[in-house]
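Asks: Would you be able to build a 3D model of this:
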Amino acid sequence: MIAQRLRMALENLQPSDWQRFEQLASTFLASEFENLRTMASASGDEGRDSELFGCENESKVVLQYSVAGDWADKVHRTVKRLEETHQEATILIYVSNQLIGARADSLRRELRRDKGLALDVRDRNWFVERVLGSTACEQAAEELSTAIVDPLLASAGVQPRTPSELTSPEAVAAFTYLGLQWQDDIREKGLTKLAFEALVRGVLAGTDSDHRLSRESVRGGVQALLPGHSASQVKTYVDSALERLTKRVVRHWQKEDEFCLAHEEVLRLIEYKTLSAVAETSLGESIKTIARAVLSAQGVQETHLEQVAKSTRISIDAILLARSQAFAIAVQSGSLSSFAADDFKEALVAEVSRSALPKLKDVDWLNVLGAAVREVLTSDEPAITAHLRSLADSYTLLAFLRQTPDVQKAVEKMFSVGKIWLDTSIVLPLIAETLDEDDLSGRFTRMIGAAREAGLELYVTSGVLEEIETPHESGTSVCAEVVQLAGCCPISA
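Replies: Okay, the predicted model is just below:
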């Protein structure tokens, strides 16, 4: 976890944080350069120009720490100054919070050829790869993360990029805990229990033993998130959630009937928000790559890349939220036809109207954003699929909650009638899970069990049975046993 927090801290360093970065870098380099002496000051280019560090008895080696974004230009300026102040230097170790990697290869060759100077770049990944295993490094990384990362995550949750519907602190907290709860409990309990436990945790966000909330305050907080539901319903679900949570993640002062989150739960939330923020960064880079390709395909200059990527990201969140709401309404009303006919043009028009995208000749920003959104939503890039799936799950749960407090009943209603034919992509994993007779709680087994409990009728064709049938020692077939266990009905193709 400390590696993720350090990565996020380094990514968010500002020019004014040069001294914090200097302290971190000095700690990481201390074991390599025992006589390292700091010689930096806040003078120069906003405290970032030519912060030189010398090693006693190693005057040919100089080190520079910099948080400059224009790292290549910074190196050139440093080399120029070294020619005046440290002509004997043969090695420049450039330490940066930026992601540089192989991009420095050409600069290395140039300096070696023209200046006789060896350039050694220590970038963001260098720090992240070395933080574990050294108590001093871990402590320095945690101090930097506390100063940089914690304020970014100080709000109740990781802010979704949707319109005003989810921008209140209470809604953000609920959204965050829905994602965390879904991640932990998706297969372990009913959706109604899962959702209300998340809402209660969201209301209790920011509490501790010195700052507790009464039962009535918790009920009121959840009620404010679900204004369309009766107070008696919300009260029942909240009280049940509090009873379950006090056994694990919530502390209860019975005499005062007050509650707060346990310290372990607070730490777990911080970890979840940090990972979400890191995932958001990876998602942003992936979206920028797609936006660059779309602009190139449509002949639009990359001058507008940042804004197009930003608008694409905002549009995707708005689309996911709108689709989740439409889906929940359609299920609750029993009319799915209108949901299937919807598209996301409205969300794109809204984003173009409020964005900074300029009017350009022969450029249709609706087409540009539409193409970018479609590419993102159909991408198989792990950074995209994992994060967007998590967002979509949280949005859908929240949307169902706003339609009905009994989310489980709504979902069961959706699947209460239906016939599903299973092919080998389902039956084969079922076989694998049944090989261990002591553990029939695998993901596919639970999924099939949930489908049966919801009232679905499951079938397999005789062709599927013939394709995967294998003799068993008892004389029966594994396939037949699995079909019987799953409650499937063999039928002819």
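Asks: in the stretch 101-250 of the chain, which spans are helices?
Replies: Per DSSP state H, counting those that start in this stretch, the stretch 101-250 of the chain carries helices over the ranges 105-114, 124-130, 135-152, 169-185, 191-203, 215-225, 231-245.
Asks: oh sorry, the question was meant for the stretch 251-400 of the chain
Replies: Going by DSSP H, counting those that start in this stretch, the stretch 251-400 of the chain shows helices at 263-297, 305-333, 337-341, 345-354, 365-377, 382-403.
Asks: Mean pLDDT lowest where, among those helices?
Replies: Of all the helices of the stretch 251-400 of the chain, mean pLDDT reaches its minimum on helix 337-341 (a mean of 46).
Asks: Could you break this structure into its assigned domains?
Replies: Using automatic domain parsing, the domain parsing of the chain gives 2-149, 153-412, 419-491.
Asks: Flag the shaky bits of the stretch 51-200 of the chain, pLDDT-wise.
Replies: 51-59, 153-191 (pLDDT under 70).
Asks: what do you get if the cut-off is 90, keeping everything else the same?
Replies: Filtered on pLDDT under 90, the stretch 51-200 of the chain yields the residue ranges 51-64, 69, 80-91, 101-102, 115, 130-136, 138-139, 142, 145-200.
Asks: number of nearby residues for the nearest residue to residue 108 once chain neighbours are set aside?
Replies: Closest residue in space to residue 108, ignoring its immediate chain neighbours: residue 119 at 4.8 Å, by C-beta to C-beta, 6 or more residues apart in numbering. C-beta coordinates here come from the backbone N, C-alpha and C atoms, glycine included. By the criterion of other C-beta atoms under 10 Å, residue 119 has 20 neighbours.
Asks: Distance of residue 119 relative to residue 80?
Replies: 14 Å (C-beta to C-beta, to the nearest Å).
Asks: How about residue 373?
Replies: From residue 373 over to residue 80 (counting by C-beta to C-beta), the distance is 46 Å.
Asks: Can you pick out the residue with more neighbours from these two?
Replies: Each of residue 373 and residue 80 has its neighbours counted (other C-beta under 10 Å); residue 373 has more, 24 against 11.
Asks: my guess is the more buried one meets residue 317, correct?
Replies: No: look at residue 373 against residue 317 with C-beta atoms under 8 Å: they stay out of range, at 10.7 Å.
Asks: hang on, the earlier thing: nearest to residue 249 among the helices of the stretch 251-400 of the chain would be which one?
Replies: helix 263-297 (4.1 Å; C-beta to C-beta).
Asks: by contact count, what packs against the closest one?
Replies: On a contact count with 3 or more C-beta pairs under 8 Å, 6 or more residues apart in numbering; DSSP states H and E, helix 263-297 meets helix 2-11, helix 135-152, helix 169-185, helix 305-333, helix 365-377, helix 382-403.
Asks: if you set the cut-off to 7 Å instead, what comes out?
Replies: helix 2-11, helix 169-185, helix 305-333, helix 365-377, helix 382-403 (3 or more C-beta pairs under 7 Å, 6 or more residues apart in numbering; DSSP states H and E).
Asks: Send over the first one as PDB, restricted to the C-alpha atoms.
Replies: What follows is helix 2-11 as a C-alpha-only set of coordinates in PDB (Å, rounded to 0.1, in the frame of the first residue of the first chain):
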ATOM      1  CA  ILE A   2       2.800   2.400   0.800                       C
ATOM      2  CA  ALA A   3       4.100   2.000  -2.800                       C
ATOM      3  CA  GLN A   4       0.700   3.100  -4.200                       C
ATOM      4  CA  ARG A   5       0.600   6.100  -1.800                       C
ATOM      5  CA  LEU A   6       4.100   7.100  -2.700                       C
ATOM      6  CA  ARG A   7       3.300   6.900  -6.400                       C
ATOM      7  CA  MET A   8       0.300   9.200  -5.900                       C
ATOM      8  CA  ALA A   9       2.300  11.600  -3.800                       C
ATOM      9  CA  LEU A  10       5.100  11.900  -6.300                       C
ATOM     10  CA  GLU A  11       2.600  12.400  -9.100                       C
END
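Asks: what angle separates that helix from helix 135-152?
Replies: 60 degrees (axes from the mean of the first three to the mean of the last three C-alpha atoms, to 10 degrees).
Asks: quick one: buried residues of the helix or strand that helix 2-11 is followed by?
Replies: Downstream of helix 2-11, the first helix or strand assigned by DSSP states H and E is helix 18-30. For helix 18-30, the neighbour count (16 or more other C-beta atoms under 10 Å) marks 18, 20, 21, 22, 24, 25, 26, 27, 28, 29 as buried.
Asks: Tell me how far the third one lies from residue 95.
Replies: Applying C-beta to C-beta, the value for residue 21 to residue 95 is 8 Å.
Asks: Common neighbours of the two, please.
Replies: residue 65 (C-beta atoms under 7 Å, 6 or more residues apart in numbering).
Asks: Isn't the residue nearest to residue 108 up against residue 92?
Replies: Yes: assessed by C-beta atoms under 7 Å, residue 119 is found in contact with residue 92 at 5.4 Å.
Asks: Which pLDDT does the model give the closest residue to residue 360 other than its chain neighbours?
Replies: Spatial nearest neighbour of residue 360, excluding adjacent residues (C-beta to C-beta, 6+ apart): residue 300 at 7.4 Å. What the model reports as pLDDT for residue 300 is 86.
Asks: wouldn't residue 300 be in contact with residue 368 here?
Replies: Yes: in this structure, residue 300 is within contact of residue 368 by C-beta under 7 Å, at 6.4 Å.
Asks: more neighbours, the two?
Replies: Neighbour count, other C-beta under 10 Å: between residue 300 and residue 368, residue 368 has more, with 24 against 19.
Asks: what about the more buried one, distance to residue 346?
Replies: Residue 368 is 17 Å from residue 346, by C-beta to C-beta.
Asks: before we move on, back to that, a markdown table for the helices of the stretch 251-400 of the chain, including distance to residue 99?
Replies: Below are these laid out as a markdown table (distance: least, C-beta to C-beta, whole Å):
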| stretch | distance to residue 99 |
| --- | --- |
| helix 263-297 | 10 |
| helix 305-333 | 17 |
| helix 337-341 | 42 |
| helix 345-354 | 28 |
| helix 365-377 | 22 |
| helix 382-403 | 15 |
